[in-house]
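Asks: Give me a model of this one.
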Amino acid sequence: METDILVIGGGPAGMVSAITARRYYPDKKIKLIRNVLNGCVPCGIPYMFYSLKDPTENKMGIAPLENNKIDVFVDEAISINRTQKTVTTVTGKSYGYKKLILALGSKPMVPPIPGIDKAGVYPVYKDMDFLLPSVQEVKKSKKVIVIGGGFIGVEFADEISKINGKEVVLIETLDRILANSFDKEFSQMAHEKLTARGVKVIVKQSVKEIIGKDRVEKVRLSSGEEIEADSIILGTGAVPTTKIAVDAGLAIGMGKGIWVDEYMRTTDPDIFAVGDCAGKRDFYTRKDTAVMLASTATAEARVAGANLYKLQVIRENKGTIAIYSTYVDGLIMGSAGLTEVTAKKENFDIVTGSSQTIDKHPGTLPGAHTINVKLIFSRKAGILLGGQVTGGPCCGELINIIGMAIQQRVSYTELETLQMATHPFVTAAPTMYPIVMAALDASKKI
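Replies: Numbers count the residues shown, from 1 in each chain. As a prediction, the model looks like this:
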């Protein structure tokens with residue numbers, strides 16, 4: 001089968017790149033190959049256990065692709081012939097292409113723990129047909145262990161703890177949860193929220209063995225302590241899926257993702273890579289980073305889809321600012337750019353600014369939440385390097401404002417004079433707007 005544009009991968013990056021390509025190249029034939037029949041919304045996976053009444057509501061359909069006249073095939077690509085410009089699949093079919101987009105995604109990182117292959121241990125695959133039985137088994141379990149204290153592990157622990165009768169334990173190797181995305185004071189807020197929900201949070205410990213006959217019965221920690229378990233969820237991160245790219249001779253970056261330039265082109269000018277499988281570089285340090293977020297993936301997909309045939313839109317990938325938000329028992333947490341710890345580790349000369357206020361004015365209005373904002377600036381240039389927020393629902397958009405400010409290299413002086421829309425029921429007071437107040441706090445130190 002011949003086509004102009006072939007996309008391999010049906011997750012957010014694959015879908016958005018195909019739809020973007022259709023917008024910019026309306027006359028081209030576009031085909032997409034996905035290796036699962038029933039995909040799912042990756043960010044919604046933790047919420048299949050409780051918040052969604054029916055786990056199948058997290059299904060990712062293909063209607064947007066069909067509406068854009070993109071042909072979809074359920075198959076698995078196993079090799080690329082760059083000379084003939086063909087892709088071969090596991091079913092023996094061959095797809096010819098002029099431009100190829102690799103949106104291969106990632107696969108769960110399964111640590112080499114003895115016993116990890118026992119029944120009752122669940123990696124997080126983005127496949128509805130795999131997830132549904134896992135969800136049902138975990139719901140039947142009384143004692144659930146989540147390994148990994150990053151945002152995925154935290155979300156699983158929080159969500160499962162809402163099911164009556166569950167004993168949930170979260171185990172993290174580092175000295176605190178969410179350590180890669182938040183500074184200590186923000187990690188502590190999430191820790192306290194989980195503990196209040198009844199989750200037992202164990203830090204500075206690793207799982208050394210999973211014990212049981214055919215099915216998990218308990219785990220042994222590095223301290224020697226043993227904890228009983230009926231089910232284990234692996235929130236240990238993911239690794240880029242790159243095998244067919246490597247086999248085809250495409251270069252891999254230091255971060256183990258497929259090497260790409262600013263326009264998501266690989267070392268083959270007719271092959272692009274986007275999403276989790278593509279290499280990432282930090283926005284400020286330009287070092288390879290292992291950030292894997294749907295928001296980053298879709299931004300990359302729009303860059304690739306717009307520039308397949310020629311760089312008609314100057315929309316280069318400027319690097320990832322690692323922006324994301326999470327939800328822990330009603331507490332919204334957002335992070336973008338460098339944390340204070342990371343900035344100091346990279347030897348940036350920084351100042352920080354913090355603020356605490358209420359997200360309504362007056363603060364006595366019903367449903368008010370306390371907002372905490374922390375901003376990190378370069379000391380001499382005054383440029384925003386990163387930010388963190390916690391509070392109510394408005395924090396989901398506050399972190400997006402901070403993310404845009406990082407992308408545009410906004411200074412503290414510009415944030416001090418930020419013009420914003422306010423309303424008593426939906427924002428903090430204009431006199432105490434949290435981003436402005438944090439910038440003012442930092443300016444005192446510059």
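Asks: in this protein, what spans have low per-residue confidence?
Replies: Applying pLDDT under 70 to the chain picks out residues 313-317.
Asks: how does the chain divide into domains?
Replies: Using automatic domain parsing, the domain parsing of the chain gives 5-35+75-107+239-306, 121-236, 333-443.
Asks: residue closest to the middle of the chain?
Replies: Nearest to the mean C-alpha position of the chain, counting by CA atoms, centre = their mean, stands residue 293 at 2.7 Å.
Asks: Find the nearest non-adjacent residue to that one, please.
Replies: Distances taken as CB to CB, 6 or more residues apart in numbering place residue 324 nearest to residue 293, at 5.3 Å, with adjacent residues excluded. To be clear about C-beta, it is placed using only N, CA and C from the backbone, and glycine gets the same treatment.
Asks: Check residue 158 too.
Replies: Distances taken as CB to CB, 6+ apart put residue 328 closest to residue 158, at 5.2 Å, once the chain neighbours are dropped.
Asks: isn't that neighbour right next to residue 195, touching?
Replies: No. The criterion here is CB atoms under 8 Å, and residue 328 misses it with residue 195 at 10.8 Å.
Asks: When the two are compared, which one has more neighbours?
Replies: residue 328 (25 against 12; other CB atoms under 10 Å).
Asks: What ranges does the stretch 101-250 of the chain have for its strands?
Replies: 106-108, 121-122, 143-147, 167-172, 200-203, 207-211, 218-221, 226-228, 231-234, 238-240 (DSSP state E, counting those that start in this stretch).
Asks: So what touches the second one?
Replies: Counting by CB atoms under 8 Å, 6 or more residues apart in numbering, strand 121-122 makes contact with 115, 134, 137, 138, 210, 216, 231, 232, 233, 234, all of which sit outside it.
Asks: rerun that using 7 Å as the cut-off
Replies: Strand 121-122 has contacts (CB atoms under 7 Å, 6 or more residues apart in numbering) with 134, 138, 210, 216, 231, 232, 233, 234.
Asks: Report the spatially nearest residue to the fourth one, omitting neighbours in sequence.
Replies: By that I understand residue 216. Nearest to residue 216 is residue 120, by CB to CB, 6+ apart, at 3.9 Å.
Asks: Also the first one?
Replies: Ranked by CB to CB, 6+ apart and with sequence neighbours excluded, the top spatial neighbour of residue 134 is residue 122, at 4.5 Å.
Asks: On the strand side of things, show who the one you found bridges to.
Replies: With DSSP bridges as the criterion, the beta-bridge partners of residue 122 are residue 233.
Asks: same deal with residue 388?
Replies: residue 335, residue 374.
Asks: Next, count neighbours for residue 367.
Replies: Residue 367 has 9 neighbouring residues, counting by other CB under 10 Å.
Asks: Quick one: residues contacting residue 73.
Replies: Neighbours of residue 73 in contact, by CB under 7 Å, 6+ apart: 31, 33.
Asks: about what we covered before: for burial, what's the neighbour tally of the residue nearest to residue 293?
Replies: Counted with other CB under 10 Å, the neighbours of residue 324 add up to 19.
Asks: all helices in the stretch 151-300 of the chain, in order from the N-terminus.
Replies: Taking DSSP state H, counting those that start in this stretch as the test, the helices found in the stretch 151-300 of the chain are 151-160, 184-196, 243-247, 294-306.
Asks: can you give me how far the first one is from the chain middle?
Replies: Taking CA atoms, centre = their mean, to the nearest Å, one finds the center of helix 151-160 at 13 Å from the center of the full chain.
Asks: Please apply the same query to the third one.
Replies: Counting by CA atoms, centre = their mean, helix 243-247 is centred 23 Å from the centre of its parent chain.
Asks: And it, what's buried?
Replies: Across helix 243-247, burial judged by 16 or more other CB atoms under 10 Å covers 244, 245.
Asks: And the residue lying closest to residue 149 once chain neighbours are set aside, how close does it get to residue 199?
Replies: Spatially, and ignoring its direct neighbours in sequence, residue 149 is nearest to residue 172 (2.9 Å; CB to CB, 6+ apart). Per CB to CB, to the nearest Å, residue 172 is found 12 Å from residue 199.
Asks: List the buried residues in stretch 30-39.
Replies: 30, 31, 32, 33, 34, 35, 36, 38, 39.
Asks: Among those residues, name the ones in strands.
Replies: 30, 31, 32, 33, 34, 39 (DSSP state E).
Asks: For residue 366, the count of nearby residues, please.
Replies: When counting by other CB under 10 Å, one arrives at 6 neighbours for residue 366.
Asks: Please apply the same query to residue 297.
Replies: For residue 297, the neighbour count with other CB under 10 Å is 27.
Asks: Also the one 5 residues further on?
Replies: Applying the criterion other CB under 10 Å, we find 22 residues in the vicinity of residue 302.
Asks: show me the contacts for it.
Replies: With CB under 7 Å, 6+ apart, residue 302 has these contacts: 16, 20.
Asks: From residue 360, how far off is it?
Replies: 35 Å.
Asks: ok, now residue 61?
Replies: 37 Å.
Asks: So between those two, which is more surrounded?
Replies: Each of residue 61 and residue 360 has its neighbours counted (other CB under 10 Å); residue 360 has more, 22 against 11.
Asks: Skipping adjacent residues, who's closest to residue 22 in space?
Replies: Take residue 22 and drop its neighbours on the chain: the residue closest to it by CB to CB, 6+ apart is residue 68, 4.5 Å away.
Asks: got the phi/psi numbers for that neighbour?
Replies: Residue 68 adopts backbone torsions of phi -100, psi 20, taken as degrees, to the nearest 10.
Asks: What of residue 230?
Replies: Dihedral angles of residue 230 (phi, psi; degrees, to the nearest 10) stand at phi -100, psi -30.
Asks: show me the contacts for the residue nearest to residue 367 when sequence neighbours are not counted.
Replies: Nearest-residue entry for residue 367: residue 360, 7.2 Å, with adjacent residues in sequence omitted and distances by CB to CB, 6+ apart. If a contact means CB under 7 Å, 6+ apart, then residue 360 has 368, 424, 425 as its contacts.
Asks: Nearest to residue 253 among the ones in strands among the buried residues of stretch 30-39?
Replies: Checking those against residue 253 with CB to CB, the nearest one is residue 33 at 24.0 Å.
Asks: for stretch 218-237, which positions count as buried?
Replies: Neighbour counts over stretch 218-237 (16+ other CB under 10 Å) mark 218-220, 227, 229-237 as buried.
Asks: what do you get for stretch 75-85?
Replies: For stretch 75-85, burial by neighbour count (16+ other CB under 10 Å) applies to 75, 77, 80, 85.
Asks: First-to-last residue distance for that stretch?
Replies: Stretch 75-85 has an end-to-end distance of 18 Å (criterion: CA to CA, to the nearest Å).
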